[in-house]
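Asks: following is a predicted model, sequence given first.
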Amino acid sequence: MLKPPTDYSHSKAITVSRRNFLKSGMALAAGGFLFPYKTFARECELTTDDIEGPFYAEDAPFRSVIASSDEPGDRFAFSGTVFGDDCETPLPNTVVDIWHANNDGCYSIFETCTTGNPDNDDYNLRGRVMTDENGSYAFETIRPGFYGSRPQHFHMRMVAEDGNELITQVYFEGDPNIEADSWASHPDAEARIIPLTQTETGYSGTFDIQLDARPILSTDDPWKPLPDGFALFPAFPNPFNAVTEIRFNIGTATHTVIEVFDLKGKPVKSLSEGLLKAGEHMAVWNGHDKFGNPVPSGMYVIRFDTAHFSDYQKVVLVK
Ligand SMILES: [Fe+2]
């Protein structure tokens, strides 16, 4: 669904405070399991938020090239690394979503743009990528144009694996419109004004992001045996679209719970609960919650809990 355009004055950026983060950590504990976070030694300067603006579209496609090769404007290579709240640990699997104006300062979808969008792309100059194992992201696009009195800018939305998110904007050094722009000239925006580098094909810019978020360390060692014949096997398929199967072994008859949680530790659906005999078992999840409603795309946690042993694994629902 696309959000209708709204006035800037009604725009609201999402700020995730440390207090909120701690709350979500408590939610995990209440959910009965804890992700094994690294210990972070020091505070650092987290990337600040900025207004979302009226032109955000949900469900932008996952792609790194967001401007057609025929799109008017200077080509722009935009990249960086997403770090966690120690400003050092890269955050893999963070969704980085960007959107920006075309060379004439026009936003497709919400505005009738008389230039640009040579491919009639519904999501022109919009796209999402997921950071790699090093926390890196990269987009190929064009340099955004000016509109109104605003400086040129990229809009960005980041959602980390642990569910924390940040909406912000990135500006460019030397932009004459920064000084009079209340958002870009705010002291909090200083670290978001990046240098432009001229390249053979246009420009490039680097923007590293420090999120108030922490990595979820992988527990996805395949075929991880548990003592006494207990085992939780990798879900298949994973990522999945329709259903995923979770096979597990029980070493001795015991009360067993297989339950799906979201990344904030909120229960989504119980797949199996009761006394199970020793042996091989399987649970199936169809991507629906306990009310039978489909849940959004994203990462979920399957928890395997018995009187003797507990374990969990991550699955990714892709629609
Ligand atoms: Fe904008």
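Replies: Yep, that arrived. These figures come from a predicted structure and were not determined experimentally.
Asks: surely Asp228 forms part of a strand?
Replies: No: remark: Asp228 does not belong to a strand; assigned using DSSP: H, G, I helix; E, B strand; the rest coil, it is helix.
Asks: same question for the strand or helix carrying Gln313, mean pLDDT?
Replies: In this assignment (DSSP states H and E), Gln313 forms part of strand 310-317. Within the predicted structure, the mean pLDDT of strand 310-317 is 89.
Asks: and that strand, what other elements does it pack with?
Replies: Judged by 3 or more Cβ pairs under 8 Å, 6 or more residues apart in numbering; DSSP states H and E, strand 310-317 is in contact with strand 231-232, strand 244-250, strand 298-306. For the C-beta atoms, the positions are set from N, CA and C on the backbone; glycine is no exception.
Asks: switch the cut-off to 6 Å
Replies: Packed against strand 310-317 by the contact rule (3 or more Cβ pairs under 6 Å, 6 or more residues apart in numbering; DSSP states H and E) you find strand 298-306.
Asks: contacts for the strand it packs on, please.
Replies: The contact list for strand 298-306, computed with Cβ atoms under 6 Å, 6 or more residues apart in numbering, reads 33, 232, 246, 248, 254, 256-261, 263, 311-316.
Asks: what's the burial count for the nearest residue to Asn102 once chain neighbours are set aside?
Replies: Ranked by Cβ to Cβ, 6 or more residues apart in numbering and with sequence neighbours excluded, the top spatial neighbour of Asn102 is Gly116, at 3.8 Å. Using other Cβ atoms under 10 Å, Gly116 has 23 other residues around it.
Asks: what's in contact with the strand holding Gln313?
Replies: Contacts with strand 310-317, where a contact means Cβ under 6 Å, 6+ apart, come from 33, 232, 235, 238-239, 244, 287, 297, 299-304.
Asks: can you select the buried ones from the contacts of strand 298-306 in ChimeraX?
Replies: For selection in ChimeraX, the members of the contacts of strand 298-306 meeting the burial criterion (16 or more other Cβ atoms under 10 Å) are listed in this command:
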select :33,232,246,248,256,257,258,259,260,261,263,311,312,313,314,315,316
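Asks: ok, back up a step: distance from the strand holding Gln313 to the middle of the chain?
Replies: Taking the mean of its C-alpha atoms, strand 310-317 sits 17 Å from the chain's own mean (Cα atoms, centre = their mean, to the nearest Å).
Asks: cool, and stretch 165-175?
Replies: With Cα atoms, centre = their mean as the basis, the mean position of stretch 165-175 lies at 18 Å from the chain mean.
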